[in-house]
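Sequence below, structure please.
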Amino acid sequence: MLTLYRPGTGWLHRMPAGPKLLLVLAVVLGVSLLPSHWSSAAIAAAATIGGYTVAGLGPGGSGILELGRQVHAIRWVIAITALSQLVFLGPEPALANVARLTAAIAIAALLALTTRVTALLDAIERGLRPLERLGLDAQRIALLLTVTISTIPVLGRRAGEVRDAQRARGARNSPRTFVVPFLIVALKHADELGDALTARGVR
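Next up, the predicted model:
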């Protein structure tokens, strides 16, 4: 299964998966609950830039470069969201909501970048295990959360790869020529996810 994990020795890499998951969820929740004001866009941007700066992803400006790659990977999500929000809600809510959405995805990507999928899966399963007495399937929920956290940035990167391949062949930059190849790679990713779930005995 394709993941975004990148080996490293920074403090976020060394942090146990369970506390790291709770920390990232708290920050994402905090950003998501910001009101739709101009100031919220600045706060969301500052939280995201600060997070990548102090995450210890590498020497110098490696964190900011990685943030740029993450934002670039989801640029179409940002563009479509911005356009729809601008049309239906106006400039201020549109900017605030797009900033919150971008920040939430980028901060969640920090978890995928610094945590192996197996470690994240095990941490979620351990956290949910007490609830199995109530009939909760901890393994299935852990898989669902792990797949959700990792799939959005992965598909964003796949979309970027499709665009780059089209540009390399000199193809016109249009949504119609983008949709079909992107659906193919998205379905391929879904197949890989299915194989990974089957390998863990989940049907």
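
these two touch, right, Gln166 and Thr177?
Yes. With contact defined as C-beta atoms under 8 Å, Gln166 and Thr177 form a contacting pair (6.5 Å). Using the backbone N, CA and C atoms, a C-beta is placed for each residue, glycine as well.

And the two? Which one has more around it.
Shown here are Gln166 and Thr177; by other C-beta atoms under 10 Å, Gln166 has more neighbours (16 against 13).

quick one: pLDDT of that one?
Gln166 is assigned 75 on the pLDDT scale.

Going by neighbour count, list what's buried in whichever strand or helix holds it.
Per DSSP states H and E: Gln166 is located in helix 138-168. Across helix 138-168, burial judged by 16 or more other C-beta atoms under 10 Å covers 138-139, 142-143, 145-147, 149-160, 162-163, 166.

Stretch 73-90 now?
73-74, 77-78, 81-82, 85.

so of these, which ones are in helices?
73, 77-78, 81-82, 85 (DSSP state H).

And the furthest pair within these?
Distances among these were taken as C-beta to C-beta; the most separated pair is Ala73 and Gln85, at 20.0 Å.

element containing Ile43?
Applying DSSP H and E, one finds Ile43 within helix 38-54.

Touching that helix from outside, list them.
Contact partners of helix 38-54, identified using C-beta atoms under 8 Å, 6 or more residues apart in numbering, comprise 27, 30-31, 34, 63-64, 66-67, 92, 95-96, 98-100, 102-103, 106-107, 110.
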